[in-house]
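S.K.: below are the sequence and a predicted model; questions follow.
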Amino acid sequence: MKEIEAVTQMPDFKGYISDLGGPSANMYHMKGKDLKICEKCQKPSCIFPAICNNLNYSHKLLTSLYRKAASYPEVIKVTIGSGIRYDLLVGANQKQENELGLNEFIEQLVVHHVSGRLKVAPEHTSSEVLKMMRKPSFQLFYEFRKKFDEINYRKRLKQQLIPYFISSHPGCRLEDMAELAAETKKLGFQLEQVQDFTPTPMTLASVMYYTGLNPYTGKNVYVARTKEEKLNQRKFFFWYKPENQLWIKNTLRKLNKSILIDRLLKK
């Protein structure tokens, strides 16, 4: 907390801390319960396809940290601007929720540390694409949103959940983007936080992008590489724009997805 103390002593400090977090805001202090097991482990992820039984992902320490940061007299509000890993907060049974302090953390976060909009990163809705991303089922987003909305309703808050999605990730086809558009429209979203996939060094996704193969299975992976393929995938993010709607209608017919036309374009 030395950083908080330093900030509050600055003469031009106005009382607002805009982001108490990192790239994944709620993975603070997480590590293996038995580090000897971790040293021998060869799994590429501690949280995919399921959270490792050896991972201590208790949120109690982080909840305490939030409360301590907000307790400084000079601090008016501490908000979390970084993306929350909501898959670490839902999907557990009631006993685990209590032991790990998951619902207590969600309550603290939503009531006291949201600036009005909370960013989360489902990244996609397709189960197959999410597997390529090593991300959890989109069903967990529904569970988190239900808790977020319930707390806002109970506390009479007007806050938004802002999901982040990505197009053209290796494994993602036009059909997947069409389903993403229909699913997010059903949830009432007109997407803002979106991005076209860009390969970055030292990532699994970049290996798949350049080789067209999943290195874990050896199977071929579809990759949208051309400018046209990428632009076409992006159009489904913006199904609500009039200039995209005729193209979307014609494309859905070609994909044998006519059933989505009314779901997407009917007012």
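M.R.: Received the coordinates, thanks.
S.K.: all contacts plus neighbour counts: C-alpha atoms, from now on.
M.R.: Will do.
S.K.: where along the stretch 51-200 of the chain do the helices fall?
M.R.: Using DSSP state H, counting those that start in this stretch, the helices of the stretch 51-200 of the chain run over 60-70, 94-100, 102-112, 127-133, 139-154, 174-186.
S.K.: now tabulate the ones you listed in JSON lines and tack on distance to residue 223 and mean pLDDT.
M.R.: Formatted as JSON lines, these follow (distance: least, C-alpha to C-alpha, whole Å; pLDDT from 0 to 100):
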{"stretch": "helix 60-70", "distance to residue 223": "39", "mean pLDDT": "93"}
{"stretch": "helix 94-100", "distance to residue 223": "39", "mean pLDDT": "94"}
{"stretch": "helix 102-112", "distance to residue 223": "37", "mean pLDDT": "97"}
{"stretch": "helix 127-133", "distance to residue 223": "11", "mean pLDDT": "95"}
{"stretch": "helix 139-154", "distance to residue 223": "25", "mean pLDDT": "97"}
{"stretch": "helix 174-186", "distance to residue 223": "11", "mean pLDDT": "96"}
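S.K.: residue 216 is nearest to which of those?
M.R.: With C-alpha to C-alpha, the closest approach to residue 216 among these belongs to helix 127-133: 10.2 Å.
S.K.: just to revisit the earlier point, let's have the helices of the stretch 51-200 of the chain in a markdown table, adding mean neighbour count and distance to residue 51.
M.R.: Formatted as a markdown table, the helices of the stretch 51-200 of the chain follow (neighbours: other C-alpha atoms under 10 Å; distance: least, C-alpha to C-alpha, whole Å):
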| stretch | mean neighbour count | distance to residue 51 |
| --- | --- | --- |
| helix 60-70 | 17 | 17 |
| helix 94-100 | 13 | 12 |
| helix 102-112 | 18 | 14 |
| helix 127-133 | 17 | 14 |
| helix 139-154 | 15 | 13 |
| helix 174-186 | 20 | 25 |
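S.K.: for residue 87, which of the ones you listed is the nearest?
M.R.: helix 139-154 (6.2 Å).
S.K.: just checking, residue 87 touches residue 136?
M.R.: Yes. Taking C-alpha atoms under 8 Å as the definition, residue 87 is a contact partner of residue 136 at 6.8 Å.
S.K.: okay, now the closest residue to residue 102 other than its chain neighbours: neighbour count?
M.R.: In this structure, residue 102 finds its nearest non-sequential neighbour in residue 89, 5.5 Å apart by C-alpha to C-alpha, 6 or more residues apart in numbering. Residue 89 has 22 neighbours, counted by other C-alpha atoms under 10 Å.
S.K.: going forward can the numbers begin at 458, since that is how I track them
M.R.: Sure thing, new numbering starts at 458, so read that last one as residue 546.
S.K.: list the residues that contact residue 546.
M.R.: Listed by C-alpha atoms under 8 Å, 6 or more residues apart in numbering, the contact set of residue 546 reads 559, 560, 563, 601.
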